[in-house]
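Trainee: Sequence plus the predicted model coming up.
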Amino acid sequence: MIVQTLSGNPLTPSSERGASIVRSASPSHPSATTGVYIGAINRVEESAAYFPASPEGPHLTTTFTTFCVGDIFQEEPGPARGMCHIIITCRSLLWSVLSVLVSLAEISACLSPRWLSGNTGGSDSFIFPSSSPLSVHRRTTLGLYNRCLMRHGTIEEELCGPYAASFWELASTFWQATMIFLGVGVLILTMVALLAPISLCWQSIFHKSIFNICGLLQAIAGLFLILGMLLYPAGWGSERVENICGRTSGPYQVGACSLGWPFYVAIGGIVGTFACALLSTQAEQATSGDDVQDEIDKGNVLICLL
């Protein structure tokens, strides 16, 4: 820290400890100023030098005094700033684990080919040609962009693969929108899942609570996931779904098909996402409470309050 003060009157330094350079001009030079500089060092040194006045110029006296400012700007004792404290509480640990699980649940649901399950009697050569052993099969499962076919035989064999070669070949425009909303939601949840373990050591980002930031992101991700799940049933009226679920299928009517586990996992993931957003506030309070601060003041790096 450096403090500079300017004055038009001469200063005579006393026994006060301070790092100062005093320059005083003679009364014949009223425009001369006095500069006082104060700096912090580790030890105390004092020296003085006197320069007598010369015929050509005014009288100039320079006095150097150096001192340690620790006694003046005394800070309260406490932990070193920037130190990483690993803080583990029941609520913060629960939030971290649940955030990771919710992210994994939504990822597995989006990648699964078992959103719809139905019985079919014909072959679909989009993936398998009519000459394939799978040209006669009894069950088909359909996902957002992929599907699985199961054939008859003593050993039932299931082959899975994408039914769409590109994004624009998905079963319905509604499913295209579903993929976009679910993709954005899953991306946000993945970011939060990566930040969750970091929150055990760093509880703030840019002077903002990491729990509050992640809770806000989780709420936004939950909204994207809800939009995606609302648009998904609107695509049940597509031709590809009718080939599996029958002509009775339509928008928000599943027909002869049944909903698979990814659909319910995705809904459960949405509930868990909003639960994490609410739990983040509790995690913030738990890691900034008086008990945690007491442990920090004691100098503990690992703080476990379970």
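Mentor: Perfect, thanks for sending it.
Trainee: show me where the stretch 151-300 of the chain has helices.
Mentor: Secondary structure of the stretch 151-300 of the chain (DSSP state H, counting those that start in this stretch): helices at 173-198, 210-231, 239-245, 261-287, 290-297.
Trainee: mean pLDDT lowest for which of those?
Mentor: Lowest mean pLDDT of the helices of the stretch 151-300 of the chain: helix 290-297, a mean of 74.
Trainee: buried ones in that one?
Mentor: Buried residues in helix 290-297, defined by neighbour count with 16 or more other CB atoms under 10 Å: 292, 295-296. In short, each C-beta sits where N, CA and C put it, glycine included.
Trainee: Can you lay out the residues you listed as CSV showing distance to Ile107?
Mentor: Converted to CSV, the buried residues of helix 290-297 look like this (distance: CB to CB, whole Å):
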residue, distance to Ile107
Val292, 33
Glu295, 36
Ile296, 36
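Trainee: Ile244: which of the residues you listed is nearest?
Mentor: For the buried residues of helix 290-297, the residue nearest Ile244 by CB to CB is Val292; the value is 55.1 Å.
Trainee: Was I right to think the closest one contacts Ile303?
Mentor: Yes - contact criterion CB atoms under 8 Å: Val292 and Ile303 qualify, at 5.9 Å.
Trainee: Between these two, which contacts overlap?
Mentor: Shared contacts of Val292 and Ile303, defined by CB atoms under 8 Å, 6 or more residues apart in numbering, comprise Ile87.
Trainee: if we can go back for a sec, quick one: which of the helices of the stretch 151-300 of the chain is nearest Arg91?
Mentor: helix 261-287 (4.2 Å).
Trainee: Report the residue ranges of every domain in the protein.
Mentor: With domains defined by automatic domain parsing, the chain comprises 3-71, 86-305.
Trainee: quick one: average confidence on the first one?
Mentor: To tie it back to what came earlier, the one meant is domain 3-71. 40.
Trainee: What of stretch 94-105?
Mentor: 96.
Trainee: Dump the C-alpha coordinates for that stretch into PDB.
Mentor: The C-alpha trace of stretch 94-105 is given here as PDB (Å, rounded to 0.1, in the frame of the first residue of the first chain):
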ATOM      1  CA  LEU A  94     -26.500 -34.300  -1.200                       C
ATOM      2  CA  TRP A  95     -26.800 -31.500  -3.700                       C
ATOM      3  CA  SER A  96     -23.600 -32.500  -5.400                       C
ATOM      4  CA  VAL A  97     -24.500 -36.200  -5.700                       C
ATOM      5  CA  LEU A  98     -28.000 -35.500  -6.800                       C
ATOM      6  CA  SER A  99     -26.800 -33.100  -9.500                       C
ATOM      7  CA  VAL A 100     -24.500 -35.700 -11.000                       C
ATOM      8  CA  LEU A 101     -27.200 -38.400 -10.900                       C
ATOM      9  CA  VAL A 102     -29.800 -36.100 -12.500                       C
ATOM     10  CA  SER A 103     -27.400 -35.300 -15.300                       C
ATOM     11  CA  LEU A 104     -26.500 -39.000 -15.900                       C
ATOM     12  CA  ALA A 105     -30.200 -39.900 -15.900                       C
END
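Trainee: Need the contact partners of it.
Mentor: Residues contacting stretch 94-105 (CB under 8 Å, 6+ apart): 186, 189-190, 192-193, 196-197, 199-200, 211, 214, 218, 265-266, 268-269, 272-273, 275-276, 279-280, 282-283.
Trainee: if we can go back for a sec, which one of the buried residues of helix 290-297 sits closest to Trp236?
Mentor: Each of the buried residues of helix 290-297 was scored against Trp236 by CB to CB, and Val292 proved nearest at 50.8 Å.
Trainee: Out of the helices of the stretch 151-300 of the chain, the one nearest Leu116 is which?
Mentor: Per CB to CB, nearest to Leu116 of the helices of the stretch 151-300 of the chain: helix 239-245, 6.6 Å.
Trainee: List the buried residues in the closest one.
Mentor: 240-245.
Trainee: Tabulate the helices of the stretch 151-300 of the chain in JSON lines, adding columns for distance to Leu149.
Mentor: As requested, the helices of the stretch 151-300 of the chain are arranged in JSON lines below (distance: least, CB to CB, whole Å):
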{"stretch": "helix 173-198", "distance to Leu149": "19"}
{"stretch": "helix 210-231", "distance to Leu149": "26"}
{"stretch": "helix 239-245", "distance to Leu149": "10"}
{"stretch": "helix 261-287", "distance to Leu149": "17"}
{"stretch": "helix 290-297", "distance to Leu149": "56"}
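Trainee: Among those, which comes closest to Thr140?
Mentor: helix 239-245 (5.1 Å).
Trainee: Keeping just the C-alphas, turn the closest one into PDB.
Mentor: The C-alpha trace of helix 239-245 is given here as PDB (Å, rounded to 0.1, in the frame of the first residue of the first chain):
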ATOM      1  CA  GLU A 239     -45.600 -42.200 -40.200                       C
ATOM      2  CA  ARG A 240     -42.700 -43.900 -38.500                       C
ATOM      3  CA  VAL A 241     -44.500 -44.200 -35.200                       C
ATOM      4  CA  GLU A 242     -47.700 -45.400 -37.000                       C
ATOM      5  CA  ASN A 243     -45.700 -48.300 -38.600                       C
ATOM      6  CA  ILE A 244     -44.800 -49.500 -35.100                       C
ATOM      7  CA  CYS A 245     -47.800 -48.400 -33.000                       C
END
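Trainee: Much appreciated, bye for now.
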